[in-house]
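Q: need coordinates for the below:
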Amino acid sequence: MSDTSGQSQGATPQKAKVLGIVVVVAAVLLVAALGLGYAFSSGMFSGSSSSSQPQGPISVAVSVSSDEADGQVSASKTVELDGGANAYDALEALGLELNTRTTSYGVYVAGIEGLDEKEYGGASGWTYMVNGESPMFAATEYILEDGDTVEWAYVKDGSM
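A: Presented below is the predicted three-dimensional model:
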């Protein structure tokens, strides 16, 4: 015998309400997941210095100087790089001999053309500036823009 007194019909609107809430929550989660996917794929969380990365080539002025040390390392050139290139790419474009090592922060430039870090004291070595400012992160993390100026300089102890 089945009970047709309406008790099962009374539970149907409650189940429908719960199902409706589940569908709404699932839709909100889907929209949030799609939004995060877009954010990551568009570079919003890339950690680069620039929020937009040009697709075409960029022109960058890059120079290297060891005037504070022996003055023997010097180069200067305007280079064409792919959009999204970084400050280290600009240095490489000069075609100089580089002594580098990879760290957890990025590529570290220990020497250029045979002039290595610590040759003029424990805190001496190579540093870089972009448009006259010293970024606080590795050159491989600094994304360049068209028209930027990148300067690599050897600094001696106490001159930073």
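
Q: CA atoms for contacts and neighbours, from now on please.
A: Noted.

Q: what about the nearest residue to residue 86 once chain neighbours are set aside, how many neighbours?
A: Sequence neighbours aside, residue 143 is the residue nearest to residue 86 in space, at 4.3 Å (criterion: CA to CA, 6 or more residues apart in numbering). Residue 143 sits with 21 neighbouring residues when counted by other CA atoms under 10 Å.

Q: in this structure residue 143 contacts residue 82, no?
A: No. Counting by CA atoms under 8 Å, residue 143 stays clear of residue 82, with 10.8 Å between them.

Q: quick one, strands of this protein?
A: 58-65, 74-81, 98-103, 106-112, 115-116, 125-130, 149-155 (DSSP state E).

Q: if you average pLDDT over the shortest one, what comes out?
A: Computed over strand 115-116, the mean pLDDT rounds to 97.

Q: and the helices in this structure?
A: Ranges of helices in the chain, per DSSP state H, are 7-41, 87-92.

Q: now residue 81, which residues is it bridged with?
A: residue 58 (DSSP bridges).

Q: need the contact list for it.
A: Shown in contact with residue 81 (CA atoms under 8 Å, 6 or more residues apart in numbering): 57, 58, 59, 60, 89, 90.

Q: look up phi and psi at residue 85.
A: In terms of degrees, to the nearest 10, the main-chain angles of residue 85 are phi -70, psi 160.

Q: and it, how many neighbours?
A: 21.

Q: that one and residue 143 touch, don't they?
A: Yes. Residue 85 is within contact range of residue 143, at 5.8 Å (criterion: CA under 8 Å).

Q: so what sits against both of those two?
A: Residues touching both residue 85 and residue 143 (CA under 8 Å, 6+ apart): there are none.

Q: endpoints of stretch 132-141, how far apart?
A: 17 Å (CA to CA, to the nearest Å).

Q: quick check: buried residues in it?
A: Buried residues in stretch 132-141, counting neighbours by 16 or more other CA atoms under 10 Å, are found at 138, 139, 140, 141.

Q: equivalent analysis for stretch 86-99, please.
A: Buried residues in stretch 86-99, defined by neighbour count with 16+ other CA under 10 Å: 86, 87, 88, 89, 90, 91, 94, 98.
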